[in-house]
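# predicted model follows, preceded by the sequence.
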Amino acid sequence: MKIKLITISVLIFSLVGMTNCSSTKTVVEPTSASLGVKPKWVTNRPTDQGYYIGIGVASKIANPTTFSTVAQRNALNELASSIEVKVKSNSMLFSFEKQNQYQDDFKEFIQVKTNQEVENYDLIAAWENDYEYWVYYRLSIAQYKKDKQAKIDKATNMAINFLQQGEEEWTKGYYRQGMMHFFDALEPIKPYLGEPLPVTMNGSKDVFLGNYILAQISQGVREFQIAPENADLEVSWGGSISSKGLTFNVTDRDGNALGQIPVNFVYSEGIIRPRESLSGLNGTVFTEIKKLTSTDNLQEVTAEIDFQTMILGNKRPDEIETLIFAEITAAKTAIKLHVKAPSIYVYSSEKSLSKGKGSTLKTAFENTAMEMGFTISKSKKSADLLAYIDSDTRTAGVNYDLNNTYLNATITVTKNSTKTIVYQDKIENIKGVDATYVLASKEAYKKAVDRIIKKIVPRFYRKYTS
């Protein structure tokens, strides 16, 4: 059997923990500072095969009011550093080993958890002079093992109770509650997940507890399924997608609806709201896209079951939970968005002083819109957007024998399906000057065409896609 040893390097004991330690040895009172002679255990660190030993020192100058506390903490740190934690090959944590290397977070977690279990150490001696304060702690190896085993027994019993609750709920189809209890079963045994923890489940099945819990979680994850109501959608850029189009169903493997399951949404092109939601009692969950700003032909909305939120809520996962969530594969699905350019039907009323109606502004709008990716519809009924241009010219008097006119126009774009205005703009007082009012009117229309091409349509495009 392969055994991995990790030496404990970190230990933080609170003052409360120190005062709770028990001592069965006679405590030696600090030697008088006036003697000035350091005891042997200060100058030559003692060893004892039956004990873990910790000796700590603190400077009275650097710590004038807390030197005794600092020395005690240092001694307990050293004592704990001499305890070896064995991560055995048939333990749950060993299964997370990657190429014989343990992740740093894993190391620190198991070290801290093990250190928190240290108790029943004895204060053997203390010594001080005018400058230093020394303490000597000792912990019986046999006592440590006895205490540890008692705690393991208590922890495994608690874990088994949670497991049994989870399995009972699972058989009734309460998968979310069952999964939560599987994670609850891990909590009491986290300090001992480097141990095999052999137990008997259901009166006959001999298992290694940590591995058994992990297997229940891994198998349970596969029960949760998610699928879209529509796997493919035909949409136009600049438009929106309602919740009706972006609806997903959360079920078990038999197709039964699962309610109150958290789901995360991701839109390949950016913002989507909501980004997370809970499935309803009928298993449905949905999101929306307020505006498709990207003109990419193929886009995607993905939905993934969020097990971390289901288990922990808003609480941050610890190192063990992080390892587990990284290992399990949550159900995930997607809706493909096939994005096309919206079609525009353009019509106009372009009046001039020649008493006729033209279409120069309409033609300019159509050509520029096509250059920007829109398609021009020949049918008003089938178009996505309707663009209406209303323009006219008026006389503005004679100046230096030349006739002056002014052109005004309004441009309104509406969504055909809802008749809502998506863009509106004006052209005001464009001046035309020529020998006659008719020619001056034509000159004003030429300038308006230039305004349509360079400003109006580009502004409409930016607003519609942003």
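Yes, it's here. Keep in mind that what you see is a predicted model, and the values were worked out from it rather than measured. Numbering: from 1, shown residues only.
# give the residue farthest from the middle of this structure.
Distance from the centre of the chain peaks at residue 401, with 73.4 Å (C-alpha atoms, centre = their mean).
# so what's the backbone phi/psi at that one?
Main-chain torsions, residue 401, degrees, to the nearest 10: phi 60, psi 10.
# now do the same contact list for residue 91.
Contact analysis of residue 91 by C-beta atoms under 8 Å, 6 or more residues apart in numbering lists 193, 194, 195, 196, 197, 208, 210, 211. For glycine as for every other residue, the C-beta is placed from the backbone atoms N, C-alpha and C.
# what's the burial count for the fifth one?
Neighbours of residue 197 under the rule other C-beta atoms under 10 Å: 23.
# nearest residue to it other than its sequence neighbours?
Spatial nearest neighbour of residue 197, excluding adjacent residues (C-beta to C-beta, 6 or more residues apart in numbering): residue 209 at 3.9 Å.
# measure that neighbour to residue 375 for me?
64 Å (C-beta to C-beta, to the nearest Å).
# who's more crowded, those two?
Using other C-beta under 10 Å, the more surrounded residue of residue 209 and residue 375 is residue 209, with 26 against 14.
# quick check: the more buried one touching residue 189?
Yes: applying C-beta atoms under 8 Å, one finds residue 209 in contact with residue 189, separated by 6.4 Å.
# find the residues that touch each one of those two.
Common neighbours of residue 209 and residue 189, using C-beta under 8 Å, 6+ apart, are 156, 159, 197.
# list the contacts of the last one.
Neighbouring residues of residue 197 by C-beta under 8 Å, 6+ apart: 91, 152, 156, 189, 208, 209, 210.
# got the residues you listed as CSV, with pLDDT and secondary structure columns?
Shown next, in CSV, are the contacts of residue 197 (pLDDT from 0 to 100; DSSP: H, G, I helix; E, B strand; the rest coil):
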residue, pLDDT, secondary structure
91, 85, coil
152, 93, helix
156, 96, helix
189, 94, helix
208, 94, strand
209, 95, helix
210, 94, helix
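# helices of the stretch 301-450 of the chain, start to end?
According to DSSP state H, counting those that start in this stretch, the stretch 301-450 of the chain carries its helices in the segments 307-312, 319-327, 360-371, 437-451.
# which one, of those, ends up nearest to residue 384?
Comparison of the helices of the stretch 301-450 of the chain against residue 384 by C-beta to C-beta identifies helix 360-371 as nearest, at 11.9 Å.
# for residue 383, list the residues it contacts.
Counting by C-beta under 8 Å, 6+ apart, the residues that residue 383 touches are 343, 344, 345, 377, 416.
# rerun that using 6 Å as the cut-off
Residue 383 makes contact with 343, 345, 377, 416, according to C-beta atoms under 6 Å, 6 or more residues apart in numbering.
# now render the residues you listed as a markdown table, adding neighbour count.
Supplementary listing: these in a markdown table, determined by neighbours: other C-beta atoms under 10 Å:
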| residue | neighbour count |
| --- | --- |
| 343 | 17 |
| 345 | 19 |
| 377 | 18 |
| 416 | 18 |
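# which of these fall in strands?
343, 345 (DSSP state E).
# which one among the contacts of residue 383 gets closest to residue 38?
Using C-beta to C-beta, residue 343 is the member of these that sits closest to residue 38, with 93.6 Å.
# helices - which of the contacts of residue 91 land there?
Secondary structure from DSSP state H places 210, 211 of the contacts of residue 91 in helices.
# most neighbours of all the contacts of residue 91, which one?
Tallying neighbours with other C-beta under 10 Å puts residue 210 at the head of these, with 28 neighbours.
# for that one, which non-adjacent residue is closest in space?
residue 92 (2.9 Å).
# what about the strands in the stretch 201-350 of the chain?
According to DSSP state E, counting those that start in this stretch, the stretch 201-350 of the chain carries its strands in the segments 205-208, 225-228, 232-236, 247-251, 262-267, 276-278, 284-286, 298-305, 332-340, 343-351.
# residues contacting the nearest residue to residue 211 once chain neighbours are set aside?
Take residue 211 and drop its neighbours on the chain: the residue closest to it by C-beta to C-beta, 6+ apart is residue 92, 5.1 Å away. Residues counted as contacts of residue 92 (C-beta under 6 Å, 6+ apart) are 193, 210, 211, 214.
# cool, residue 58 as well?
Shown in contact with residue 58 (C-beta under 6 Å, 6+ apart): 67, 70, 71, 133.
# residue 152 now?
residue 192.
# so among the contacts of residue 91, where is pLDDT lowest?
Lowest pLDDT within the contacts of residue 91 is found at residue 194 (83).
# before we move on, the earlier item: any idea how far the residue farthest from the centre of the chain lies from residue 395?
Residue 401 sits 15 Å away from residue 395, going by C-beta to C-beta.
# what does residue 260 give?
Distance from residue 260 to residue 395, by C-beta to C-beta: 72 Å.
# what do you get for residue 239?
43 Å.
# pick out whichever of the two has more residues nearby.
Neighbour totals were compared for residue 239 and residue 395, and residue 239 leads with 18 against 13 (other C-beta under 10 Å).
# pLDDT at the more buried one, what is it?
On pLDDT, residue 239 comes in at 89.
# what's near enough to touch it?
Going by C-beta under 6 Å, 6+ apart, residue 239 touches residue 292.
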